[in-house]
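Enquirer: how would this look folded up:
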Amino acid sequence: MSVVVVTDSTACLSPEVAAERGIVVVPLQVVIGADVYDEGSQGATPELVAEALKAFRPVSTSRPTPAALLELYSSLAASGATEIVSVHLSSEMSGTFESAQLAARDAPVPVVAVDSRQVGVATGYAALSAADAVSSGASARAAAAAAAERAALCSSLFYVDTLEYLRRGGRIGAAAALLGGALAVKPLLTITDGRVASLERVRTSGRALARLAELAVTAAGSAPCDVTVAHLASPDRAGQLQTELATRLAPNLEGREVGCAELGAVLGAHVGPGMLAVCVAPLL
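Expert: Take a look at the predicted model:
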């Protein structure tokens, strides 16, 4: 039996990692002005989105259609897949999971769609856990359960320079209470039950960086875990946070490195330049 893991481009998996682990990545789309791009190095990049946002050009995003996902599932089946696990970002934030569910109804092989209830790197860790399960001989349903379990363990913590981009996209949720003071404070946010929620307010970006490190250490506790720092147009601060977490979380990492990557274009369009995030993912 050949089980294939599918995820979407918001999972922040590099092409090299996805290929090595046998994970198929379907792109979401970014619309800048009248131009439509697939997310990825040959289309919508973080740099392209950051430049468009700084220039006040209209930027929006779009999910893959059920027809596009059905075409992908059919292609995988034709290539030998007998089951598919499709792991996607939170259904509270995107219609991608719904597209996967609709496509699964007409797919030529069984497809188990997973709503990670997470975004970004945490969704990527969920897909990687599904791939680990598959490589150990698990069925699609067992791999989907591993993905959901890993996602539920993850803590996604992030800082944004302004809530304006999240407000425009209607993805603030419980964090909307911060809008009144958005210009005077630096919001620290998290993902709770699939939606963006507020953690606390700080006064400076330096303090935000320190608090992200403290919150990540607290989230990790004593559990072995993977840790990744993500950013949009903020490589220096991301590198500083990566170095600090590598030191403070060394016992949890057990020899693994703290990852650091630029956030994808789709998520970047909703959080804006200057965003900094940490994902703490306890091992299963």
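
Enquirer: give me the helices and strands touching the helix or strand where Arg211 lies, please.
Expert: Per DSSP states H and E: Arg211 is located in helix 205-220. If you count contacts as 3 or more CB pairs under 8 Å, 6 or more residues apart in numbering; DSSP states H and E, helix 205-220 packs onto strand 155-159, strand 186-192, strand 195-202, helix 235-248, strand 276-282. Every C-beta, even on glycine, is put in place using the N, C-alpha and C of the backbone.

Enquirer: I'd like the average pLDDT over that helix.
Expert: Computed over helix 205-220, the mean pLDDT rounds to 92.

Enquirer: over to stretch 14-30?
Expert: Mean pLDDT, stretch 14-30: 95.

Enquirer: list the buried residues in it.
Expert: Judged by neighbour count (16 or more other CB atoms under 10 Å), stretch 14-30 contains these buried residues: Val17, Ala18, Arg21, Ile23, Val24, Val25, Val26, Pro27, Leu28, Gln29, Val30.

Enquirer: equivalent analysis for stretch 54-74, please.
Expert: Quick answer for stretch 54-74 (16+ other CB under 10 Å): Val59, Thr61, Ser62, Arg63, Pro64, Pro66, Leu69, Leu70, Leu72, Tyr73, Ser74.

Enquirer: what sits against the fourth one?
Expert: Contacts were defined as CB atoms under 8 Å, 6 or more residues apart in numbering; by that measure Arg63 touches Leu28, Gln29, Ser94, Gly95, Thr96, Glu98, Ser99.

Enquirer: most widely separated two among those residues?
Expert: Greatest spacing in the contacts of Arg63, by CB to CB: Gln29 and Glu98 (15.7 Å).

Enquirer: sec struct for Val24, please.
Expert: strand (DSSP: H, G, I helix; E, B strand; the rest coil).

Enquirer: tell me the contacts of it?
Expert: Val24 sits in contact with Val4, Val5, Val6, Thr7, Ala18, Leu72, Leu76, where contact means CB under 8 Å, 6+ apart.
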